[in-house]
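Undergrad: no letters, just coordinates:
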Ligand code: BGC
């Protein structure tokens, strides 16, 4: 399932950004904040200007907070104190004449609500000193407003002002001090495989991938256990202590508008069935377990909202199905409804799916995705406080940490970002992406204490071919390709990837901002069939699962890298499970 869909920018982004682009380090040091007291109620602004500087150039992130009335269309102006020269700029359009710069919105980010923020970024060169601009003007008004570098000025650590029945029931990180539910059906499948006992006691997600799964539908993967059966079993495993139960909510109307392998049962317009026959029954069942020791982590709708950014008209990777889902609003409405309904239950922790770095790590997808997540979190009765966090890399293969190359490095004068593999992405791995996205989400208005999950089920990339050091410095491509752990043919490949291994074992609070590493995708369950297989689950055949497929715009016209002889998505795929064991990293003992 996790597909990439971001390939839109492959090629086009390169052309747009051009070879003069500088490398950029995303995590920058806050350099200056333009500050002070509110100007007037109807026009006021603050600007947070953050740079990462490497001596002859820098990357800047500029965040505008609107302290006045809502703005529709904006231009931000300033003068550089030195000879700084912008070389490329994203999430906006710019002109520079001498020291004077004017940046206007990029269209999609033209509206800034009262107290809302937008960000853009740029790369620039300079010599001498690199002082920050002294003043900024937004639509001609000096940004001298009260500045809070945290755009969520609510000092209350409780993210939920009131609609929640009993928000105090929720802990900050549900994984801390709790075990996590082991799905007996997955566990039995794993244990039945040679060598599988080594991981059969690991927790994995319970996927409610259609209405029938709520009651149990005897499918090859779901078996006879419905949601209530799992929750009862979870109470037994909990045995009186806190236990996280991970459930995946995955049945939107028109599900998976950019790929066929995990198409669902509901048509694009069946939002009422989604609400009445899917979300409501799930919420009813979960409500019966509200006052128990269970902490229900609900992962909301994999691969849906980013599709509305990357795979719609205007992008080379647009699909008619994603245009329909953007136009009819049913992804946004459905996600909002799920968040509101499940968020009303005191022991449910909602985590919204946030794609992965190889999909929305590019600047033209990053902020726009965060904005659509925020829109969904305010739809259908939801509020941002219904969102406990986000999950990255669900069912994808992107490496957790790439140790041997980084954004910001150059090889022979060529930035790592310019390599074919990185292709101008701002991130090279999931940890950096998840942490960076967390900040962006907070700046879009989500509570400042949201946490991230990273699915490490299949991103280990160990085994004998795992690089032990950087690649040769003969070219930037040799350097990146020789050093990268992720050995996919192309970052856009997503189906049953050959060479993958189990990743980090599930664990709580492994890094700042990260609530847990999880195995949300149960390893050993197929991403999609490698040829057309009839089924009654609504699943289609996507050629990205066919090892002979030579690709499309979404994966840079590369081979699919998929394993052969794969069953329908979600069904047990023994050969893949064996490879995941062999290539586990950290290795299995
Ligand atoms: C499938 C689901 C399955 C899930 C977990 C998805 O790709 O569409 O049916 O439950 O993977 O394996």
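TA: Right, received. Where do you want to start? Given the structure is predicted, the values throughout are model-derived calculations rather than measurements.
Undergrad: over to the single nearest residue of the chain relative to the ligand: give its phi and psi.
TA: Residue nearest to the ligand within the chain: residue 570 (2.9 Å; Cβ to the nearest ligand atom). From N, CA and C alone the C-beta is placed, and that goes for glycine too. When read as degrees, to the nearest 10, the backbone of residue 570 gives phi 90, psi -20.
Undergrad: quick one, helices of the stretch 51-200 of the chain?
TA: Assigned by DSSP state H, counting those that start in this stretch, the helices in the stretch 51-200 of the chain fall at 184-191.
Undergrad: and the chain, by the same measure?
TA: Here the chain has its helices, by DSSP state H, at 12-17, 184-191, 211-215, 227-238, 271-273, 280-287, 307-310, 320-328, 330-343, 357-360, 363-376, 430-443, 476-483, 574-582.
Undergrad: buried residues in the shortest one?
TA: Okay, so that is helix 271-273. Burial within helix 271-273, assessed by neighbour count using 16 or more other Cβ atoms under 10 Å, is assigned to 271, 273.
Undergrad: quick one: low-confidence parts of the stretch 101-250 of the chain?
TA: Applying pLDDT under 70 to the stretch 101-250 of the chain flags residues 146-168, 221.
Undergrad: and residue 283, what does it touch?
TA: 341, 342, 344, 345 (Cβ atoms under 8 Å, 6 or more residues apart in numbering).
Undergrad: what subset of those residues is buried?
TA: Buried among the contacts of residue 283 (16+ other Cβ under 10 Å): 341, 342, 344, 345.
Undergrad: from those residues, pick the one nearest residue 426.
TA: Nearest to residue 426 among the buried ones among the contacts of residue 283 is residue 342, at 31.7 Å by Cβ to Cβ.
Undergrad: doesn't residue 298 make contact with that closest one?
TA: Yes. Under the criterion of Cβ atoms under 8 Å, residue 342 makes contact with residue 298 at 5.0 Å.
Undergrad: which neighbours do the two share?
TA: Taking Cβ under 8 Å, 6+ apart as the criterion, residue 342 and residue 298 both touch 249, 348, 350.
Undergrad: look up phi and psi at the nearest residue to residue 538 once chain neighbours are set aside.
TA: Excluding the flanking residues, the one nearest residue 538 by Cβ to Cβ, 6 or more residues apart in numbering is residue 265, at 4.4 Å. Dihedral angles of residue 265 (phi, psi; degrees, to the nearest 10) stand at phi -90, psi -20.
Undergrad: from residue 95, how far off is residue 265?
TA: Separation of residue 265 from residue 95 (Cβ to Cβ, to the nearest Å) stands at 51 Å.
Undergrad: which one of those two has more residues nearby?
TA: residue 265 (18 against 12; other Cβ atoms under 10 Å).
Undergrad: confirm for me that that one is in contact with residue 537.
TA: Yes. Counting by Cβ under 8 Å, residue 265 does reach residue 537; the two are 7.1 Å apart.
Undergrad: any residues in contact with both of those two?
TA: Common contacts of residue 265 and residue 537 (Cβ under 8 Å, 6+ apart): residue 210.
Undergrad: how about the residues of the stretch 451-589 of the chain near the ligand?
TA: 521, 522, 525, 527, 569, 570 (Cβ under 6 Å from any ligand atom).
Undergrad: so where's the chain shaky on pLDDT?
TA: For the chain, applying pLDDT under 70 flags the ranges 1-41, 146-168, 221.
Undergrad: outline the domain layout of it.
TA: Taking automatic domain parsing as the domain assignment, the ranges for the chain are 27-142, 179-403+431-468+493-551+573-582.
Undergrad: looking at those domains, which is buried most?
TA: Highest mean neighbour count among those (mean count of other Cβ atoms under 10 Å): domain 179-403+431-468+493-551+573-582, with a mean of 21.
Undergrad: wait, what's in contact with the nearest residue to residue 250 once chain neighbours are set aside?
TA: Leaving aside its chain neighbours, residue 250 sits nearest to residue 209 (5.0 Å; criterion: Cβ to Cβ, 6+ apart). Residue 209 makes contact with 222, 248, 250, 251, 262, 264, 537, 570, according to Cβ under 8 Å, 6+ apart.
Undergrad: what's the answer for residue 330, then?
TA: For residue 330, the contact set (Cβ under 8 Å, 6+ apart) comprises 252, 253, 254, 268, 269, 271, 274.
Undergrad: now, the most widely separated pair of these?
TA: By the measure Cβ to Cβ, 252 and 269 form the most distant pair in the contacts of residue 330, at 11.7 Å.
Undergrad: get me the contact residues on the protein for the ligand.
TA: So the chain meets the ligand at 1, 207, 209, 221, 262, 521, 522, 525, 527, 569, 570 (Cβ under 6 Å from any ligand atom).
Undergrad: which two among the residues you listed are spaced furthest apart?
TA: Using Cβ to Cβ, these reach their maximum pairwise distance at 262 and 522, which is 14.0 Å.
Undergrad: which residues are common contacts for these two?
TA: Counting by Cβ under 8 Å, 6+ apart, residue 262 and residue 522 have no contacts in common.
Undergrad: format the contacts of residue 209 as JSON lines; extra columns: distance to residue 112.
TA: Converted to JSON lines, these look like this (distance: Cβ to Cβ, whole Å):
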{"residue": "222", "distance to residue 112": "45"}
{"residue": "248", "distance to residue 112": "34"}
{"residue": "250", "distance to residue 112": "33"}
{"residue": "251", "distance to residue 112": "34"}
{"residue": "262", "distance to residue 112": "36"}
{"residue": "264", "distance to residue 112": "35"}
{"residue": "537", "distance to residue 112": "43"}
{"residue": "570", "distance to residue 112": "42"}
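Undergrad: from those, which land in strands?
TA: Secondary structure defined by DSSP state E assigns residue 248 of those to strands.
Undergrad: and for the closest residue to residue 358 other than its chain neighbours, the neighbour number?
TA: Spatial nearest neighbour of residue 358, excluding adjacent residues (Cβ to Cβ, 6+ apart): residue 491 at 4.0 Å. Applying other Cβ under 10 Å, we find 29 residues neighbouring residue 491.
Undergrad: ok, residue 491 - contacts?
TA: With Cβ under 8 Å, 6+ apart, residue 491 has these contacts: 4, 358, 398, 421, 423, 425.
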